[in-house]
Structures are given as structure tokens and as C-alpha cells.
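Novice: pasting the sequence and the predicted coordinates here, then a few questions.
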Protein chains: 2
Amino acid sequence: MSRWAPDARERLEAAALELFAQNGYERTTASEIAERAGLNRATFFRHFADKREVLFGGEDTLAGLFADGIRACAAGATPIECLQAAFAAADSVMTDAQRTKAAQRVLILAANEEVMERGLLKHARMAAVIRTALSERGVEAITARLTAELALLAFSLGVERWMQGGSFAAHATEALRELQSRAADLDERVVSGA
Amino acid sequence: MSRWAPDARERLEAAALELFAQNGYERTTASEIAERAGLNRATFFRHFADKREVLFGGEDTLAGLFADGIRACAAGATPIECLQAAFAAADSVMTDAQRTKAAQRVLILAANEEVMERGLLKHARMAAVIRTALSERGVEAITARLTAELALLAFSLGVERWMQGGSFAAHATEALRELQSRAADLDERVVSGA
């Protein structure tokens, strides 16, 4: 097993997804993931704190890109414009290879509460990163919290649609507009079966 | 130690909060909580799956009350009216005694990531309960998701304000209106330092 592997992280992720699908998430160990990737256990733990982290490294990357996108916006940009910039910045990593991994991940998350819990934590961190980036621009505290929550919902809807095809940024931006419009309609009577 | 204690749950909660504040959350065990409450360890585990659950029993109660409130709404009620009914239904348990406990809890949550993770899971469950109750009334899927997220944000803001005094339902309902109004303003330019 080579100790130096520039693509170690990607190999570990791919090996983990294979083993989770093959033997189940619960029964797969960090050592097995390392072995499948042709690396040793110590290398695994240099890249990931635990088995769950393998599934959520992407969220940390996305959070960083969202923040970069917001920080690069012109002074005075609206909260919606900031989110559009955040989604555009994230688009570079939402590749076809990621689309395939995302579909595998969905199955694992749905079947495992421990993993779902980590996912919620990652989403909360993404929301916190967005909230902070907006606050730094002078967005009021409550508006920053609201915008961050809408961003995460638009992100989730955007990812769901992106998994079927198309550009992530376009889907997420459209979902954001849709959410804003629906929020304005929450005083309309619900017509059951409509 | 009595094996039958009608108020065991409340006693365990009070004992846990005392010990968490006194010795730290990490260093407190379920056995110590039971002992402080004058009960045995088995009784603790009849009421709570683990130490973290002691801090979040209230969330399950609230989720149930939210669902009851929404289900009792007249046919055709708007999503906002449904949430107002949910907050009103929860008001009965948002007592002065709970206000004191809430303040103790905030300190523990802020200091402990493991506990925060469980809190996120509970919030996600509350959102899921609201989403389901709305869907059952014929609210469209995306509107139900959006309404549930806004409900949780209004709930969080409502709890923060209620901790300073006043009625929870009034605070949460006001926060909901504020969020809806702010969502409509997300296309306004941000004036830094405003």
C-alpha cells in the first residue's frame, strides 16, 4: 500500500460507497475502506475523522464555496443576489461524477439514522456559514437567519432536481424564487385535492 | 428508592439539569441522575433512551401538540392559520417552570456538540411532523416543506423571546409574520451599517 497518494481522498470515498452498497453501512469498517482503496488505516484517519465523515466531505467544500460566492458580491447586493452567487460558486463541484455519488449517498442516508444525524449537523453548519457571510455584509440578524434557512431548502430542492439532470445553480436559483413566491402565498386558503 | 413514582420523569429531568450544571454534562452519568432523583437506573432507562434524551423530551411533546393544533383546524385554513393553531396548542406547556429549564438547557447545548446534534435531529423531526400534518390537509409538498421550515425558525425565535417573558404563542406568531414579511423583502439592497 502506498503511503503517498495524491488522490487518496477520492479513492477512499469511492471505496466507502462501494462497500456501503455491498455490505451495508453498519457492517463496513474504516480499515476495510482503506484496504479496498489500496491504502492503510492511518491514511483513512488523516482524511476523515470517522466513517460518517466520508459521506459528508462535500458539504464542507460546498459551505466554503457558498461563503466565497457571497463574499465576492458587490457591496449592497440583495440577499437573493448573494444566494445566487453562492449557488453559482458551488456549481463547479456539482459534476456528473458527483451526481452518481449523490444517488448512492441518498440510499445510505435513508437507511441509517446515525448518518442522517451527521447530515443534519452538516446542513446546520452550511446554514451558519451562509448566515455569517451575510451578517458580515450588514444583513440584519433575523434576515440573515431566514435567508440561510431558505438557502438550505433551495439547496436541498436544487440537489434533488440536479440529480435528475441539468445545472445545480440553475435548479437551486429557480427553487429559491419558487420558495420566495410560495412564502408570499401562505395566507391563501388550502384547496384540498388541488 | 421507590420503584413506582408518578412524577419520575419530571424528577429525572430536574436532577439531570442540576447535575449537568454542577459537574458538567460530559461527566454526569445516567446512574448519578437516577440517584439524585431518588430512583434507580432501570427507571431512568424506562423514561429515556440515553442522557441526551433528558434534554429533549419537551421537543417530542411539542411536536405532538403542533400536529394536534394543525389537525384541529377548519378545512381550507391557510398554512399561516395552521401554524398559529400549532403555536396556540403548544402554549399550554410553555410554562414558567419550563422557562427556567430552558435557560439551563441553553447553556448545556452551547457547550456540547453531541447534545447540539441531538437537538438538530429533534428539530428536524418537529419539522417533519408539521410537514406531514400540512400534507394530510392537501398542502402541496414544497409549500408544506417551506411552511415547516418557517415554523421551526419562528419557533426558535419565539422560544428565544419567550425566555425573556411573555406568551410563547404570541411571540412565535409575531415572529412568523415578521419572517413572511422579511422573505418578501429579500430583493432589497442591503445598506451596510443600517
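Specialist: Done, it's in. Numbering: from 1, shown residues only, chains lettered A, B, ... in the order given.

Novice: from here on, just use CA atoms for contacts and neighbour counts.
Specialist: Will do.

Novice: touching chain B at all, the strand or helix carrying residue A:169?
Specialist: Element membership for residue A:169 (DSSP states H and E) is helix A:168-184. Yes - residues of helix A:168-184 are located near chain B by Cα under 8 Å from any Cα of the partner chain, namely A:179, A:180, A:182, A:183, A:184.

Novice: ok, stretch A:149-164 next?
Specialist: Yes - for stretch A:149-164, a contact with chain B is found by Cα under 8 Å from any Cα, at A:149, A:153.

Novice: list the contacts of residue A:127.
Specialist: Contacts for residue A:127 (Cα atoms under 8 Å, 6 or more residues apart in numbering or on different chains) come out as A:145, A:148, A:149, A:151, A:152.

Novice: now, which of these lie within helices?
Specialist: Of the contacts of residue A:127, the ones assigned to helices by DSSP state H are A:145, A:148, A:149, A:151, A:152.

Novice: show me which of these is closest to chain B.
Specialist: Nearest to chain B among those is residue A:149, at 7.3 Å by Cα to the nearest Cα.

Novice: does the closest one touch residue B:149 like I think?
Specialist: Yes - counting by Cα atoms under 8 Å, residue B:149 is a contact partner of residue A:149 at 7.3 Å.

Novice: what pLDDT does residue A:25 get?
Specialist: For residue A:25, the model assigns a pLDDT of 91.

Novice: again with the one 10 residues further on
Specialist: Reading off the confidence values, residue A:35 has pLDDT 96.

Novice: residues touching the nearest residue to it once chain neighbours are set aside, list them.
Specialist: Of all residues not flanking residue A:35 in the chain, residue A:41 sits nearest, at 7.6 Å (Cα to Cα, 6 or more residues apart in numbering or on different chains). Going by Cα under 8 Å, 6+ apart, residue A:41 touches A:30, A:31, A:34, A:35.

Novice: again, but for residue A:110
Specialist: Neighbouring residues of residue A:110 by Cα under 8 Å, 6+ apart: residue A:116.

Novice: and the helix or strand encompassing it, C-alpha only, in PDB?
Specialist: Element membership of residue A:110 [criterion: DSSP H and E] is helix A:96-111. Extracted C-alpha coordinates of helix A:96-111, given in PDB (Å, rounded to 0.1, in the frame of the first residue of the first chain):
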ATOM      1  CA  ASP A  96     -21.500  14.300 -13.300                       C
ATOM      2  CA  ALA A  97     -19.200  12.200 -11.100                       C
ATOM      3  CA  GLN A  98     -20.800  13.900  -8.000                       C
ATOM      4  CA  ARG A  99     -24.300  13.200  -9.400                       C
ATOM      5  CA  THR A 100     -23.500   9.500  -9.400                       C
ATOM      6  CA  LYS A 101     -22.100   9.600  -5.800                       C
ATOM      7  CA  ALA A 102     -25.100  11.600  -4.700                       C
ATOM      8  CA  ALA A 103     -27.500   8.900  -5.800                       C
ATOM      9  CA  GLN A 104     -25.600   6.300  -3.800                       C
ATOM     10  CA  ARG A 105     -25.500   8.500  -0.800                       C
ATOM     11  CA  VAL A 106     -29.300   9.100  -0.700                       C
ATOM     12  CA  LEU A 107     -29.800   5.400  -0.300                       C
ATOM     13  CA  ILE A 108     -27.400   5.100   2.600                       C
ATOM     14  CA  LEU A 109     -28.800   8.200   4.400                       C
ATOM     15  CA  ALA A 110     -32.300   6.900   4.100                       C
ATOM     16  CA  ALA A 111     -31.400   3.700   5.800                       C
END
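
Novice: and that helix, how far out from the chain's middle?
Specialist: Taking the mean of its C-alpha atoms, helix A:96-111 sits 11 Å from the chain's own mean (Cα atoms, centre = their mean, to the nearest Å).

Novice: still on that earlier bit, inside helices: which ones of the contacts of residue A:41?
Specialist: A:30, A:31, A:34, A:35.

Novice: so the first one sits against residue A:49, correct?
Specialist: If I follow you right, that is residue A:30. No - applying Cα under 8 Å, one finds residue A:30 not in contact with residue A:49, separated by 10.1 Å.

Novice: compare these two (neighbour count), which wins?
Specialist: Ranked by neighbour count (other Cα atoms under 10 Å in any protein chain shown), residue A:30 and residue A:49 place residue A:30 first, with 20 against 10.

Novice: low-scoring stretches of chain A, by residue?
Specialist: By pLDDT under 70, the low-scoring segments of chain A are A:1-5, A:193-194.

Novice: residues of it that sit close to chain B?
Specialist: By Cα under 8 Å from any Cα, the residues of chain A that approach chain B are A:75-81, A:117-118, A:120-121, A:124, A:137-139, A:142-143, A:146-147, A:149, A:153, A:179-180, A:182-184, A:186-194.

Novice: change it to 7 Å
Specialist: Taking Cα under 7 Å from any Cα of the partner chain as the test, the list of chain A residues beside chain B reads A:76-80, A:117, A:120-121, A:137-139, A:143, A:146, A:179-180, A:182-184, A:186-193.
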